[in-house]
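Peer 1: Sharing a model that was predicted from the sequence below.
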Amino acid sequence: MATRDYYYIDVSHNGLNKFRRIKGADRWVVEQMAAKQRAQWDEQWSKKQQIESKRDAREAAASQKEEQKETALERTQEAQKALQETENLLNQALDEGVTFNWKSLMKVHPFPEPQPLQPPQPPQSHYPIQPPPLAVPPKPNVAERAFLPI
């Protein structure tokens, strides 16, 4: 009885954790089947990676959104506290009997520049005491040529 030669190739994919032994009588056919199996597993791996990256992106976005909410809540509480302190400032000062010396804010030292001088007044004789009367034009006459129809 004659023995037949069989060929085999072990194909594995570390990412998917898969292994397969491909056997056949023709070496070329076995190589083609192994290449096809590798391509199929590579495609599965890329789809799995895409799904995982999308999931990771969603989780990161959700995490970032949660952090932003926490930050916004903290900042809101700080702003409300500052606003409350500002609103109670006058009442606290009045309750404590704090008086303020407003004269301490006044500047009493002389100015570095002298005050401007008033411009000299022209003598009063050049100005008329009473304005001249306005010339009043005569009343229009209906019989004048400008008012007659053409």
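Peer 2: Thanks, I have it. Please read all numbers here as calculations on a predicted model, not as lab measurements.

Peer 1: Tell me who's in contact with R27.
Peer 2: Neighbouring residues of R27 by C-beta atoms under 8 Å, 6 or more residues apart in numbering: Y7. (Each C-beta comes from the backbone N, C-alpha and C, glycine too.)

Peer 1: what about it, distance to T76?
Peer 2: R27 sits 73 Å away from T76, going by C-beta to C-beta, to the nearest Å.

Peer 1: One more: N101?
Peer 2: Distance of N101 to T76, given as C-beta to C-beta: 38 Å.

Peer 1: Compare neighbour counts for the two and give me the winner.
Peer 2: More crowded of N101 and T76, by other C-beta atoms under 10 Å: T76, with 10 against 7.

Peer 1: Is it correct that the more buried one falls within a helix?
Peer 2: Yes - checked against DSSP: H, G, I helix; E, B strand; the rest coil, T76 lies within a helix.

Peer 1: Strands of this structure, residue ranges please.
Peer 2: Using DSSP state E, the strands found in the chain span residues 7-13, 18-24.

Peer 1: now the last one against strand 7-13, angle please.
Peer 2: Computed with axes from the mean of the first three to the mean of the last three C-alpha atoms, to 10 degrees, the direction of strand 18-24 lies at 160 degrees from that of strand 7-13.
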